[in-house]
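next come a sequence and a model predicted from it.
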Amino acid sequence: MKIGMLLDNVFPPDDRVSKEAITLINNGHQVFLLCYNNGYQKNTELWKGIHIQRTVISFNFGKKLLGLIFILPFFKLLWYYEIKKFVRKYHIDVLHVHDLPLCKPSLLVKSEFKIKLVCDMHEDFADWILNTPLYTQGIKKYLKYFQSWKKYEKNCLSNCDLVVGVSEPLVNKMITDYNLNKNKVINLPNTPDLSTFDLTKIDHSIKSEMDSYYNVIYSGMIDELRGLQYIIPLINKIINHIPNFRLILVGSGKYENELKILSNKYNVEKYLYFTGFQPIEKLAAYIAFSKIGIYPQKKYKGIDETIPTKLYQYCAMGIPVISSDHLLPREFIFNNNCGFLINFEKSPEQFVEKVIYLYTNELHRQEMGLNGKQAVMNFHNWNATVKPLIDFYSSL
């Protein structure tokens, strides 16, 4: 079967997209991926068995159009013509859309070509996007009064052949809010691939730069919602007890400059290490050579329906977690005794206490790390959670 995946982002590096695509390829399907070009990539490419086709639409231009999606029709029209050419060129049998923006133009193509459509919801998109810079910065904040993401979401999900969620609460919410047939909605958590998050296979080239520090790591996008601004003012208190403390930030984002300005204000620049984006194999190594993994995510409507893959990744590498006290991280950490929960917005000073506690109680830190690792090895890993997706495509 020829599966056409759609992503309104550049690729690689999306880990969830690559895991799904490679799994489907290993199960006998062909996977073609239509995505943006960052300006330096080839228009077509074969990457780990995935046939990549990059659009003529630039990534930056496309993202600007996305904020105007309910005012101007250009985002949907441009993508409609790109998807239509893509389906015709590769004789696609099923369109598999990653996240909500490309679902509406895909519905038009689905109807025209009489093919199946899968909508893969990486998060509670309609609530999440209103808290991003597309709708929060400067004059853009007035755009949210013209948005109708909930209506858009309902229309899209109601007309798909399969909806994929990342958690049971999100799946249940979509079924209830939009009266979806529960038989056409599956749960596929973004759990780690153990063939990558394996201590025996990680990249040891960074070991020398990590060994002399007490590394606390954050991985993922760097933006205001991630809550990293709560951590930086606390570093001076931490280094009084842990002189070799270092906060490692593996990822990228426009908010990185704001964090650097903040670190300069508190005179803690030398205790931060920005690695930039790293491939998944290198990320696994950075986690493995760290002592604690953090998730200081801010609260917003919809956050309780998701659990970030970084929590699973930290645990897969055997380090404990200090996380914001949201529903799914709370359940995961409580059930597996693999870390601590904090309200970073109201009581950020608790972060200092927990970091120092884990530093001075090495055995408990190792015990928590082992607990999380066992949970991922036994239950929360890609091989254990991907079966519903494989079954759907097999049924076609």
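It's in. Keep in mind it's a predicted model, so treat the numbers as computed, not measured. Numbering: from 1, shown residues only.

show me what the helix or strand that contains residue 236 is in contact with.
If you go by DSSP states H and E, residue 236 is part of helix 235-239. For helix 235-239, the external contacting residues (CB atoms under 8 Å, 6 or more residues apart in numbering) are 245, 247, 263, 266, 267, 268, 271, 272, 349, 352, 355, 356. All C-beta spots, glycine's among them, are computed from the backbone N, C-alpha and C.

what residue ranges in the chain are flagged as low confidence?
With pLDDT under 70 as the threshold, the chain has low-confidence stretches at 67-72, 126, 128-147.

among the contacts of helix 235-239, which ones are in strands?
245, 247, 272 (DSSP state E).

most neighbours, which of these?
residue 247 (25 neighbours; other CB atoms under 10 Å).

switch the ones in strands among the contacts of helix 235-239 over to JSON lines; also include distance to residue 155.
Below are the ones in strands among the contacts of helix 235-239 laid out as JSON lines (distance: CB to CB, whole Å):
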{"residue": "245", "distance to residue 155": "49"}
{"residue": "247", "distance to residue 155": "43"}
{"residue": "272", "distance to residue 155": "44"}
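
next one: the helix holding residue 236 to chain centre, how far?
How far helix 235-239 lies from its chain's middle: 29 Å, per CA atoms, centre = their mean, to the nearest Å.

and it, C-alpha only, in CSV?
In CSV, the C-alpha atoms belonging to helix 235-239 read as follows (Å, rounded to 0.1, in the frame of the first residue of the first chain):
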residue,chain,number,x,y,z
ILE,A,235,20.6,28.6,39.2
ASN,A,236,22.6,30.8,41.6
LYS,A,237,20.9,29.1,44.5
ILE,A,238,21.7,25.7,43.1
ILE,A,239,25.4,26.3,42.5
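
name the residues of that helix that come out as buried.
For helix 235-239, the neighbour count (16 or more other CB atoms under 10 Å) marks 235, 238, 239 as buried.

which single one of those residues is nearest to residue 99?
Among the buried residues of helix 235-239, residue 235 lies closest to residue 99 (CB to CB), at 34.3 Å.

you'd agree residue 24 is in a helix?
Yes. Assigned with DSSP: H, G, I helix; E, B strand; the rest coil, residue 24 falls within a helix.

start at 499, not 1
Sure, I'll start numbering at 499, so the last one becomes residue 522.

helix, strand or coil for the closest residue to it other than its chain neighbours?
Leaving aside its sequence neighbours, residue 522 sits nearest to residue 529 (CB to CB, 6 or more residues apart in numbering; 5.5 Å). For residue 529, the assignment made with three-state DSSP gives strand.

with residue 697 instead?
Residue 697 - assigned by three-state DSSP - is coil.

so how many other residues sit close to the residue nearest to it when sequence neighbours are not counted?
Using CB to CB, 6+ apart and skipping the chain neighbours, the partner closest in space to residue 697 is residue 786 (6.0 Å). Residue 786: 22 surrounding residues under other CB under 10 Å.

touching, residue 786 and residue 696? I think so.
No. Between residue 786 and residue 696 no contact is recorded; they are 9.5 Å apart, counting by CB atoms under 8 Å.

strands of the stretch 499-648 of the chain, residue ranges please.
All strands of the stretch 499-648 of the chain, identified by DSSP state E, counting those that start in this stretch, fall at 500-508, 528-535, 542-545, 548-556, 592-596, 614-618.

can you say which of the ones you listed is packed in most?
Mean neighbours per residue, mean count of other CB atoms under 10 Å, is largest over those for strand 592-596, with a mean of 26.

name the strands paired with that strand and say parallel or antiparallel.
strand 500-508 (parallel), strand 614-618 (parallel) (DSSP bridges).

tell me which residues in stretch 849-864 are buried?
Quick answer for stretch 849-864 (16+ other CB under 10 Å): 849, 850, 852, 853, 854, 856, 857, 863.

out of the residues you listed, list just those in helices.
Judged by DSSP state H, helices contain the following of the buried residues of stretch 849-864: 849, 850, 852, 853, 854, 856, 857, 863.

phi, psi of the residue in the chain sticking out farthest from the centre?
Computed with CA atoms, centre = their mean, the residue of the chain farthest from its C-alpha average is residue 738, at 33.8 Å. Per-residue torsions, residue 738: phi -60, psi -30 (degrees, to the nearest 10).

with residue 878 instead?
In terms of degrees, to the nearest 10, the main-chain angles of residue 878 are phi -100, psi 60.

grab the nearest non-local neighbour of it.
Leaving aside its chain neighbours, residue 878 sits nearest to residue 689 (5.0 Å; criterion: CB to CB, 6+ apart).
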